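Undergrad: Dropping a prediction and its sequence here:
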Amino acid sequence: MKTNAVLNQIALMCGLAAFLVLMGCERQISDTNLSAVKSDMSTKEVESVLGPPTRVEVPNELKTQELKTMKVTRYIYEQKGKKVELLFVGDRLATNGVNGKFGE
């Protein structure tokens, strides 16, 4: 019985340690990562370089237009109080579609 209690404590401690390690593994995006993002990349290609965005928005100015010919989406990445916005037209990153840097 004593052996089972020790094994349970060891398993609990290992689980807690794994949880703490994973919590500290937040992905950090650098300006080097941003420089790898090029015009005409798809949203999936950008996410493979930068990971998923903090949030996704449809710009307000486009919500009010009656005629929408292309889907426009803004990916917003936030990190350490700084923000980078990427503008997609259709499923492709627009020319000059990266606005901002993380300054690293």
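TA: Sure, I can see it. Numbers count the residues shown, from 1 in each chain.
Undergrad: Could you list every helix and strand in contact with the helix or strand hosting Lys44?
TA: According to DSSP states H and E, Lys44 maps onto helix 43-50. Judged by 3 or more Cβ pairs under 8 Å, 6 or more residues apart in numbering; DSSP states H and E, the packing partners of helix 43-50 are helix 31-35, strand 72-79. (C-beta placed from N, C-alpha, C; glycine too.)
Undergrad: Flag every buried residue along the last one.
TA: When neighbours are counted by 16 or more other Cβ atoms under 10 Å, the buried residues of strand 72-79 are found to be 72-75, 77.
Undergrad: and it, which strands flank it?
TA: Take DSSP bridges as the rule and strand 72-79 pairs in its sheet with strand 55-57 (antiparallel), strand 82-89 (antiparallel).
Undergrad: can you tell me which of the ones you listed comes nearest to Thr32?
TA: strand 82-89 (13.0 Å; Cβ to Cβ).
Undergrad: next helix or strand past that closest one?
TA: strand 92-99.
Undergrad: distance of Leu87 from Asn4?
TA: 58 Å (Cβ to Cβ, to the nearest Å).
Undergrad: Tell me where the model's unsure across this protein.
TA: Applying pLDDT under 70 to the chain flags the ranges 1, 7-8, 11-27, 60-69, 104.
Undergrad: Would you enumerate the residues in contact with the closest residue to Gly97 other than its chain neighbours?
TA: Nearest non-adjacent residue to Gly97, counting by Cβ to Cβ, 6 or more residues apart in numbering: Leu87, 4.2 Å away. By Cβ atoms under 8 Å, 6 or more residues apart in numbering, Leu87 lies in contact with 72-74, 93-94, 97, 99.
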